[in-house]
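Chemist: Sequence first, then the predicted structure, then my questions.
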Amino acid sequence: MTVTLKRAALLKRAVLGLALGTLPMLPLAVQAERIFVSNEKDNTVSVIDGASLEVVETIRVGRRPRAMAFSSDGSELFVAVGDDESIDMIDLETLQVVRSQASGDDPEVIRVDPNRPYIYVSNEDDNIVSVLDYERRTLVTEIPVGVEPEGLGISPDGRWLISTTETSNMAHIIDLESMEAVHHRLVGARPRHAEFTHDGREAWVSSEIAGTVSILDMEESFDVKHVIRFDVPGVPRETVQAVGVALTSDGRYAFVALGPSNRVAVVDQQSYEVLDYILVGQRVWHLALNGDESRLYTTNGVSGDVTMIEVDGLRAVKSIPVGRFPWGVIVEP
């Protein structure tokens, strides 16, 4: 049975279940969505069906897969495979790796340019951000940043790229017209992730050891305008480690993965107030909203599963077993 036929069969089963009253009513977008999870220790990507919330495919990739991104036309999934020093490219129809592109030393996080066929890669061992042309399969340039680059965030208009560097404790703001780092801002210890708001006016940078999120003004000063701190009742302070960040497009919620505390913080995007903490699996790492933002998916590295959170109710609904040490998660557009 081909992958396309499998998807059709799953959708047919879901529709039949709805007709018989055996499944809850789900939006069509949720019924059709696929969630991809990179399993760092298994060298695989798990494919979760949005209707059944079960793993329906397992894709073998290179060694130590971490961050993922979709090509701009949505036909391929790019996977950074750190120990192979390359980007594996998966055809989303066949769910097979069809090609790979050299990425530089220890690729960890990747982002795709919304305007050009470029992949931006944080090369942790080289202290650079590599720029790859994935159509021509060439290296465009290398951008020097601080020590141990990790997180990358790209503005919605493709003008700015933020590179976070773990040892330098900095957010480096790169002008994508000149391909140079033009601003450097000190943030909390060991910054992990950078995420722009959907209007591009702010960038949220998480810092793992500090357990904070720094809000950068991306309109004028490029300075840190606010710092969010987290205090989970009954949880040791040292386990509250901010990593993945996901922001709703309506400007309502920000979700922050808090690592070994096993919690996701819910933050008001406008007031920066922490509203709640949601208990998920062990060592929650990265987050992804689905297309209509009705669901949030989390990767839980130590427990080897994905938690599905219902956004409207702000509650964890289901735990989905995947591979060993799930790292990245992304939902098909």
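Modeler: Happy to help now that I have it. This structure is a prediction, so every number in the text was calculated from the model and none was measured.
Chemist: Give me the distance between T197 and D157.
Modeler: Here the distance between T197 and D157 works out to 12 Å (Cβ to Cβ, to the nearest Å). To be clear about C-beta, it is placed using only N, CA and C from the backbone, and glycine gets the same treatment.
Chemist: The two: which is more packed in?
Modeler: When T197 and D157 are compared on other Cβ atoms under 10 Å, the one with more neighbours turns out to be T197, at 19 against 11.
Chemist: shared neighbours, T197 and D157?
Modeler: Taking Cβ atoms under 8 Å, 6 or more residues apart in numbering as the contact criterion, no residue touches both T197 and D157.
Chemist: Quick check: R295 touching I309?
Modeler: Yes: R295 is in contact with I309 according to Cβ atoms under 8 Å; the separation is 6.7 Å.
Chemist: Please report how far D84 lies from V140.
Modeler: 21 Å.
Chemist: Spatially, what comes nearest to T298 if we skip its sequence neighbours?
Modeler: Once its chain neighbours are removed from consideration, T298 has its nearest residue in T307; the separation is 4.6 Å (Cβ to Cβ, 6 or more residues apart in numbering).
Chemist: Parallel or antiparallel, list what pairs with the helix or strand encompassing V47.
Modeler: Here V47 sits within strand 44-49, counting by DSSP states H and E. Strand 44-49 sits in its sheet next to strand 34-39 (antiparallel), strand 54-60 (antiparallel), going by DSSP bridges.
Chemist: hmm, who's touching the shortest one?
Modeler: Yep, that's strand 34-39 we're talking about. With Cβ under 8 Å, 6+ apart, strand 34-39 has contacts from 7, 44-50, 61, 65-68, 77, 79, 288, 290, 297, 299, 306, 322-332.
Chemist: Would you mind listing which of these are buried?
Modeler: With neighbours counted using 16 or more other Cβ atoms under 10 Å, those contain these buried positions: 7, 44-50, 61, 65-68, 77, 79, 288, 290, 297, 299, 306, 322-323, 325-332.
Chemist: Surely E40 touches R324?
Modeler: Yes: the pair E40 and R324 passes the contact test of Cβ under 8 Å, sitting 7.4 Å apart.
Chemist: returning to what we had before: run a quick neighbour tally on the residue nearest to T298.
Modeler: If we define neighbours as other Cβ under 10 Å, then T307 has 23 of them.
Chemist: List the residues that contact it.
Modeler: Contacts of T307 by Cβ under 8 Å, 6+ apart are V280, G281, V284, Y297, T298, N300, A316, K318, S319, I320.
Chemist: And the third one, how close does it get to V98?
Modeler: Read that as V284. Between V284 and V98 the computed distance is 32 Å (Cβ to Cβ).
Chemist: can you check the fifth one too?
Modeler: Between T298 and V98 the computed distance is 29 Å (Cβ to Cβ).
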